[in-house]
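Q: I'd like to go over a predicted model; first the sequence, then the structure.
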Amino acid sequence: MGQSKGTIYIILILCSLLANGCQKDINLIDGNEPISTFNISKIKIENYVNRLYIDIIGREPLNDELVEEVLFLQDSSLSREARSEIIVKLMTDDSFKEEEESYKAAFILNLYNLAKVRCLEGVSDSEIRSQIGIARFGATRDSLDGNWDGYFRRLETIRKYEAFLDSQQELYDGNIQYHELFAFAINNGIYDEINMNTFNFVRAAFDELLWRLPTEQEFDASFSMIEFNEPAILFGRSGSDKQAFIDILIQSTGMLEGMIIWAYQTMLNRQPKPEEVITLLPRYAEEKDIKYILEEILLTDEYANFR
């Protein structure tokens, strides 16, 4: 019996020694930040803020802006309300900012530039002003030669270029909505040069603004308006010239659907699902404010990559 107790005692000592020998020192790695309580790492939050700034105002956030926004989102547990506050600020804050006037001004400029990329191959304003200068020189020459038809045609060319340049300020002032800016983007000499002749113009306008080609009936009606100045019905409205065609296209429901498609393609690099269009279109058709569409996209975990 004593021998059994001794054996047990020896076994207990051996187990204790083995347990102590198996203990390992804990190594702490500097800079290895743990995942937050809501399972989103700080780097993902920083990437989200960076992307918001680039997509809304066309630049990355400054260091102090980045730190402020990330802390705000963390403190708010990445809530929808916190995301919305940052997005709305970048779209609407008109307080002065050095080198860009304001967040709102930068947002409007970014929308304007995106329209130029979409329709005018990203042409610079300086190139548009150069075209205005050429047209003015030609108008002066026509007036001296007594060529009044040519003179007034050049004045109309100048008016269209200037209308597009002015559309940025008109959008900032709230005198037009974003989809209406495209009426000026497709009605100028540069767009006509890119899409020569009526056939290409009609197809390009449908494709770029409505994200589809016209049906045969839609094409015939559009072509008759522009090429022959003949009255025709398009989307339930009558028109008989190029300006009427543009007005009908811009004010159509298809144009608003096209803006939703554009927003998804630009921000998420994909087409919206039918249910997404159905959900967003009624309010957008009523308010016609592109900020609503953009905010609804920028709020999502899909855009933020928080999934």
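A: On my side now, so go ahead.

Q: isn't Phe96 right up against Ser102?
A: Yes - in this structure Phe96 lies within contact range of Ser102 using Cβ atoms under 8 Å: 6.1 Å. For the C-beta atoms, the positions are set from N, CA and C on the backbone; glycine is no exception.

Q: With neighbour numbers in mind, choose between the two.
A: Ser102 (16 against 9; other Cβ atoms under 10 Å).

Q: Not counting its neighbours along the chain, what's nearest that one?
A: Asp94 (4.6 Å; Cβ to Cβ, 6 or more residues apart in numbering).

Q: doesn't the one you found fall inside a helix?
A: No - under DSSP: H, G, I helix; E, B strand; the rest coil, Asp94 sits outside any helix and is assigned coil.

Q: Please tell me I have it right and it contacts Lys104.
A: Yes - taking contacts as Cβ under 8 Å, Asp94 lies within contact range of Lys104: 4.5 Å.

Q: When the two are compared, which one has more neighbours?
A: Using other Cβ under 10 Å as the criterion, Asp94 and Lys104 rank with Lys104 on top: 19 against 11.

Q: tell me the contacts of Asn229?
A: 240-241 (Cβ atoms under 8 Å, 6 or more residues apart in numbering).

Q: Make 34 the first number, not 1, from now on.
A: Understood, numbering begins at 34; the last thing we discussed is Asn262.

Q: May I have the phi/psi pair for it?
A: phi 50, psi 40 (degrees, to the nearest 10).

Q: picking up where we left off before, any idea of the pLDDT on the residue nearest to Ser135?
A: At Asp127, the pLDDT value in this model is 97.

Q: Residues touching the helix or strand where Ala115 lies, excluding its own?
A: Using DSSP states H and E, Ala115 falls within helix 113-125. Under the criterion Cβ under 8 Å, 6+ apart, residues 82, 85-86, 89-90, 102, 105-106, 109, 136-137, 140, 324, 327-328, 331-332, 337 lie in contact with helix 113-125.

Q: Quick check: ChimeraX command selecting the buried ones in those residues.
A: Command for ChimeraX that selects the buried part of the contacts of helix 113-125, burial taken from 16 or more other Cβ atoms under 10 Å:
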select :82,85,86,89,90,102,106,136,137,140,324,327,328,331,332,337
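
Q: And the helices in the stretch 184-333 of the chain?
A: Shown for the stretch 184-333 of the chain, the helices assigned by DSSP state H, counting those that start in this stretch span residues 211-218, 222-227, 230-238, 249-261, 275-283, 286-301, 307-320, 323-331.

Q: name the helices or strands packed onto the second one?
A: For helix 222-227, the contact count by 3 or more Cβ pairs under 8 Å, 6 or more residues apart in numbering; DSSP states H and E identifies helix 136-153, helix 158-178, helix 181-206, helix 230-238 as packing neighbours.
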